[in-house]
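1. got a sequence here, can you model it:
(chains A, B, C and D)
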Number of protein chains: 2
Amino acid sequence: MVALMPSSRPPHASHSTPTPSRTGRPRSVEAHAAILEATRAALVELGWSKLTMSDVASRARVAKTTLYRRWANKSELVVDAVAVLFDELRLPDRGSLTADIQGVVLQFAALLDRPEAKTALMAVVAESTRDEALRERIRSAIVDRQKRLVLLGRERAQARGELPYEEDPEQAARNADLIFDVIAGAVVHRALVSAEPVDGDWAHTFSLLLVNGLTAGPAPTLHTPERT
Amino acid sequence: MVALMPSSRPPHASHSTPTPSRTGRPRSVEAHAAILEATRAALVELGWSKLTMSDVASRARVAKTTLYRRWANKSELVVDAVAVLFDELRLPDRGSLTADIQGVVLQFAALLDRPEAKTALMAVVAESTRDEALRERIRSAIVDRQKRLVLLGRERAQARGELPYEEDPEQAARNADLIFDVIAGAVVHRALVSAEPVDGDWAHTFSLLLVNGLTAGPAPTLHTPERT
DNA sequence: CTCTTTCGCTACTGGTCGTAGCGTAACTCG
DNA sequence: CGAGTTACGCTACGACCAGTAGCGAAAGAG
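-> Numbering: from 1, shown residues only, chains lettered A, B, ... in the order given. I've put the predicted structure just below:
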């Protein structure tokens, strides 16, 4: 995890620095948890744009100043509040790569159906286009953590003989990133932009498409063609 | 187009209703264009979160009240301001489906690299999770309009014999939607969430993956498997 | 017991949203 | 040309929010 042990240090830390300062009154762990919980509750009721720091503070029975001592702004707080939801994602072992992908797609869709995740995710990504620190926080707290699902899925598929083992580690990493962007991107776009349901049917068709693409061509290697 | 002829009517219209009211002073077309232009400029300089209606008004040399007479809020204004950018997308005819997809992916990536598109797109989608009217406006002004690219690409591929003709029109529509979500979703995720460059190499590998997926299995038909 | 840091509280500045009310400008119709 | 209708620019306003400052008190560490 990233932000469960409130590890003080400079103004706004909340991740990294496992054993930082030692003296003085420690930050309250209960308050930390209460704030994140209150943030999620406020997201459900109010959504991103109408969520206010004062409201979160009063819900968490905490002074508004305490919020600003721990998070620089609304975006960073919301990232931490929502990040933990994504850690609930699991890769089911259903016997085939297609079925595994379908399973995780449905889980991801269920997560995106929760109002607090729905409204927060896109908003913080939007903010991150103009905030390097926020982008890094999203990456470390959410995105990079969930790549585990792709890596695990590939391992299983390789063990089953559904996917070839890749020799070049750089190539393997690029492919994992590609698969991650395709899966996460497609589901998010379907659920939030197209606003159409991600049901078992869609998830199955999509999984089939992806697995076909992965296994048909002999592992698409890089060509570096001319641009536009 | 949707919002070029400022077609008055009730408080906030700006799309639909081609020839509505007839009497009274007509809305200024110059003001309309100036406002959208000013909105884009403000997005470039300030980004979504720091963009204010007052600022847009003064840039467009227009009273703030005029903005509110035409758009209900910031989100709707920004959707109209940004929508026109997406109409510049073209499907190049490069001789093969893979190359065509790669070309449009690179164009889309270039569009998402523009600060005004980058910061606005995710923000309005985030808002739309709690605003049905806004969601509909995004759909009609941006999303549905760009599905033309998928339909055209499929037509060309079918003419070349790269893709089979689909008999069931419902099935064909579902597949087009799927492809649209996969392409747009993957590119957006790569560019804005993973924040990694969408270069010719990535676009080519992705296109290969997608085309393989489309042509390998005999047109993935729906199975409707059990959920989760 | 002292030092250090966090805490809750109050108060404040600077800024935004969105609206109301007014007199004026522009256009249509008869 | 005149009457009716609608948009416009302007000013002012109320409500609300972000983020900060300064205080005394509390909670641990050594």
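
2. now for the residue sitting nearest the centre point of chain A: which residues touch it?
-> Chain A has residue A:142 as the residue nearest its centroid, 3.3 Å off, counting by CA atoms, centre = their mean. Listed by CB atoms under 8 Å, 6 or more residues apart in numbering or on different chains, the contact set of residue A:142 reads A:79, A:82-83, A:86. In short, each C-beta sits where N, CA and C put it, glycine included.

3. closest to residue B:126 among those?
-> residue A:82 (12.3 Å; CB to CB).

4. so that closest one, which state does it fall into?
-> Classification of residue A:82 using DSSP: H, G, I helix; E, B strand; the rest coil returns helix.

5. what's around it, how many residues?
-> Residues lying near residue A:82 (other CB atoms under 10 Å in any protein chain shown) number 26.

6. and the residue nearest to it when sequence neighbours are not counted, what element?
-> In space, and not counting its chain neighbours, residue A:82 is closest to residue A:120: 4.7 Å by CB to CB, 6 or more residues apart in numbering or on different chains. Secondary structure assignment for residue A:120, by DSSP states H and E: helix A:115-128.

7. got the phi and psi for the closest residue to DNA strand C within chain A?
-> Chain A approaches DNA strand C most closely through residue A:24 (2.1 Å), counting by CB to the nearest atom of the strand. Per-residue torsions, residue A:24: phi 90, psi 170 (degrees, to the nearest 10).

8. helices and strands around the helix holding residue A:120, which ones?
-> helix A:29-50, helix A:74-86, helix A:97-113, helix A:132-138, helix B:29-50, helix B:115-128 (3 or more CB pairs under 8 Å, 6 or more residues apart in numbering or on different chains; DSSP states H and E).

9. any residue of the third one touching chain B?
-> Think helix A:97-113. Yes: using CB under 8 Å from any CB of the partner chain, helix A:97-113 reaches chain B at A:102-103, A:106-107, A:110.

10. distance of residue A:147 relative to residue A:177?
-> 8 Å (CB to CB, to the nearest Å).

11. again with residue A:146
-> 12 Å.

12. next: residue A:186.
-> Going from residue A:186 to residue A:177 by CB to CB gives 15 Å.

13. repeat for residue A:89
-> Applying CB to CB, the value for residue A:89 to residue A:177 is 17 Å.

14. residue A:186 and residue A:177 - which one has more neighbours?
-> residue A:186 (27 against 16).

15. what's near enough to touch the more buried one?
-> A:206, B:181-182, B:185-186.

16. what of residue A:88?
-> Residue A:88 neighbours (CB under 8 Å, 6+ apart): residue A:111.

17. pLDDT score for it?
-> Here, the pLDDT recorded for residue A:88 equals 96.

18. where does it land in three-state SS?
-> Applying three-state DSSP: residue A:88 is coil.

19. now it. Its backbone dihedrals?
-> The phi/psi pair for residue A:88 (degrees, to the nearest 10) is phi -80, psi -10.

20. thinking again about what came up before, any idea how far the residue nearest to the centre of chain A lies from residue A:119?
-> Distance, residue A:142 to residue A:119, using CB to CB: 15 Å.

21. okay, now the residue nearest to residue A:82: neighbour count?
-> Counted with other CB under 10 Å, residue A:120 comes out at 26.

22. which residue does chain A bring closest to DNA strand D?
-> residue A:25 (3.2 Å).

23. tell me the pLDDT of the closest residue in space to residue A:39 that isn't next to it in sequence.
-> Nearest residue to residue A:39, sequence neighbours excluded (CB to CB, 6+ apart): residue A:81, at 3.8 Å. Per-residue confidence (pLDDT) for residue A:81: 97.
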